[in-house]
Structure formats: C-alpha cells, structure tokens
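>>> any chance you could fold what I've pasted below:
(2 chains)
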2 protein chains.
Amino acid sequence: MSEKILLITYDNCDDSEVMYPYFRMLEAGYEVDVASLEKRTINAKYHYKIEAGLLPDEIRPELYAGLILPGGTAPEKLRQNADILNAVRYFMDNDLPVASICHGQQILISSGRISGRHATCYPGIRDDLVNAGALYENAPVVVDRKLVTSRRPEDLPYFMREFIKLL
Amino acid sequence: MSEKILLITYDNCDDSEVMYPYFRMLEAGYEVDVASLEKRTINAKYHYKIEAGLLPDEIRPELYAGLILPGGTAPEKLRQNADILNAVRYFMDNDLPVASICHGQQILISSGRISGRHATCYPGIRDDLVNAGALYENAPVVVDRKLVTSRRPEDLPYFMREFIKLL
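Predicted coordinates:
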C-alpha cells in the first residue's frame, strides 16, 4: 500500500496551489486524502475542482506521511475549525513534514505552533506571521526542520521540490 | 548551464496542461522556453497566464532536451503554422523526448510524424489520430520510444512521470 498525504483546503483555494501539489504527490506515488469543511466537490477560485472525502472530525493524522496546506481565502475559514487545528498540531508536534504556501500559513498561526520557526508567507499576511512569533524570511521557499513554507503560486516548483526531499 | 525544454502553446490552452508541466520542469531544474504565435502574455482558458518569449520562426529545436505540447484549443491554431510543424518534426525525426497531451496531438497529426506510433489523445480527436495512422490506445499515458502521450488533465501526474524518465 502506498503512503498517504493529507491536503486540507476549501472553496476559493488558489487553483494552482491545490492542483500542483495534488498532482505532484500522485506523480510521486502517494495517495492524497483531501479534508475540508464539507464532504463534497471543492471549488477553487477560478476553475479547478477537487473532491473532499474527509470532514475535520474524521481526520486521523497518524495515517499520513505529510500535510499540505494550500492558500487562497480557504485558510481564513479553515483556521476557525478546532478539529483542523488539532490535526495540524499533530503534524507540527511530531515534527512530520508540513508544506504550507501563501495564506496556508494563517492555519499555522492559529495552530499556535509557528512561534520561533523560520517561515515565509504571502506578503499580505507577513505582519501576522511575525506577530505570531515566526522568524520571517522573504524567499521562494524556507525550510525549518520538517516545515516547508512558500509565498505564492510562482514558488510552487521550489516548494514541492523541498517537501518531497523531506518525505 | 541547465538544460532547456521547449513548450509550445497559445491562447485558450488548458490551464493545468500548461502550468503543471511548466512548474514540473522548473522543479526538476530545467529552463523552459515558451514559443507561441505571438510574443506576449498567453492567456489560458480559465485564468493561468504564461509569457511567450519565442515566435515560431525563432525556434532553434537543437537547443532543447525535450518538447512539451499542451492541449486546449491552442493546438488548432498552432498546427496551421509551418515553422511550428518543422520544429516538431525535428524532435520526432531525431527521436528526442516529446510529451503531448489532450489536443496537443493535433500538432503531431499535422506534423505527419504520428503514423505507426503508439499514442493516446483526448477522446474527441481519437478518430483523427487513428486516421493519421497512429496506433491508438485508451490509457492515462502511452510511451512509444521517446514519445509520451496522455488524454486529459487528470492524466498529468502519469504523463510527467514518464516524460521525466526519458529526459
């Protein structure tokens, strides 16, 4: 059986930030489970669609080799869900590979697990990342132990290259 | 200097069929040159944009390690350009890696180089591929020597996995 990756997203996620990591994990031979606030087809901002098969309270984080948090406006909804935050804490507390891009870092902020960690994010939420205690860097990709962060869709090639190295 | 890949596309290309291969080649450390019918920003069907830096008569196919032909309605325009077809013939005649997906195979048909080759394509142009002499197969990816073909966006993970093996 192939290893599994968890991807957490919702409506109005960024198309490429969901599609590229999702296809990339399949290309690398992983299964990908998509968790969301509702168990249905999730509509990205522009066109891309992806099927969510898990509700927040159905996530068993111990089943996964790594976690992907795409951006868009989805993270503003997801960060308000206690089960989502608990799942994210499991990955962070066990130093498992976590890849978060753009606004995905809003979920990391709300998880209370970004303080003292080197990270980057979309420029519009940089001050929030800093206020949460992160050591902000403006770079296409920042790796701090098993945590990989990037700024925006254009960083995706470097984001996934580093995440795959950690798996 | 890193090796270079040529990607040929135009307006109304399929977003993911341009974006995934483009980012994937960057992730793998290649430079990607984009050729099109006009030297400007190319607008994919839904949202994605990519900068085309080469006109058809500026393509020097001998500079590239491989060729990518995404789908959408772009190939119907591109297949009418003699310089595009000559560039494609160079890759096919020299048995260089060529990856063509969905409607990209319309360019291969017009190049006159698909006869006798195992290939797949978007179902809507299957009869055209067969009439051009190709040995059609309905599979996510078909590899015939250095020619890699796929059917649709959902095949992208398997399409790029095989193309990268050939580079």
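
>>> only C-alpha atoms from now on, for both contacts and neighbour counts.
Noted.

>>> got a list of what the closest residue to residue A:13 other than its chain neighbours touches?
What sits nearest to residue A:13 in space, not counting adjacent residues and going by C-alpha to C-alpha, 6 or more residues apart in numbering or on different chains, is residue A:72, at 4.1 Å. Residue A:72 makes contact with A:12, A:13, A:14, A:45, A:102, A:103, A:104, according to C-alpha atoms under 8 Å, 6 or more residues apart in numbering or on different chains.

>>> now for residue A:78: which residues touch it?
Applying C-alpha under 8 Å, 6+ apart, we find residue A:78 in contact with A:9, A:10, A:36, A:37, A:84, A:107.

>>> the residue nearest to residue A:13 and residue A:107: what is the separation?
Residue A:72 is 12 Å from residue A:107, where distance means C-alpha to C-alpha, to the nearest Å.

>>> check residue A:119 too.
Per C-alpha to C-alpha, residue A:119 is found 13 Å from residue A:107.

>>> centroid residue for chain A?
Centroid-nearest residue in chain A, with C-alpha atoms, centre = their mean: residue A:69, separated by 1.1 Å.

>>> so what pairs up with it in the strands?
Beta-bridge pairing for residue A:69 (DSSP bridges): residue A:100.

>>> and it, how close does it get to chain B?
18 Å (C-alpha to the nearest C-alpha, to the nearest Å).

>>> report the contact partners of that residue.
Contacts of residue A:69 (C-alpha under 8 Å, 6+ apart): A:7, A:8, A:9, A:98, A:99, A:100, A:101, A:104, A:105.

>>> and if you look at residue A:19?
Residue A:19 sits next to A:48, B:16 when contact means C-alpha under 8 Å, 6+ apart.

>>> secondary structure element for it?
Assessed by DSSP states H and E, residue A:19 sits inside helix A:15-27.

>>> what is the helix or strand following that helix packed up against?
Counting by DSSP H and E, the next helix or strand C-terminal to helix A:15-27 is strand A:31-35. When contacts are defined as 3 or more C-alpha pairs under 8 Å, 6 or more residues apart in numbering or on different chains; DSSP states H and E, strand A:31-35 sits against strand A:4-8, helix A:15-27.

>>> save these as TSV, and put in mean pLDDT too.
Output for those, formatted as TSV (pLDDT from 0 to 100):
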stretch	mean pLDDT
strand A:4-8	98
helix A:15-27	98
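
>>> out of those, which comes closest to residue B:18?
Residue B:18 sits nearest to helix A:15-27 of all those, at 11.1 Å, using C-alpha to C-alpha.

>>> any idea of the angle that closest one forms with helix B:15-27?
70 degrees (axes from the mean of the first three to the mean of the last three C-alpha atoms, to 10 degrees).

>>> dump helix A:15-27 to CSV, restricted to CA.
The C-alpha trace of helix A:15-27 is given here as CSV (Å, rounded to 0.1, in the frame of the first residue of the first chain):
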residue,chain,number,x,y,z
ASP,A,15,-6.3,26.7,-8.1
SER,A,16,-2.6,26.0,-8.7
GLU,A,17,-1.7,25.7,-5.0
VAL,A,18,-4.1,22.8,-4.8
MET,A,19,-3.6,21.3,-8.2
TYR,A,20,0.2,21.3,-8.4
PRO,A,21,0.8,19.7,-5.0
TYR,A,22,-2.1,17.2,-5.6
PHE,A,23,-0.9,16.0,-9.0
ARG,A,24,2.7,16.1,-7.8
MET,A,25,2.0,13.8,-4.9
LEU,A,26,0.2,11.4,-7.3
GLU,A,27,3.2,11.6,-9.7
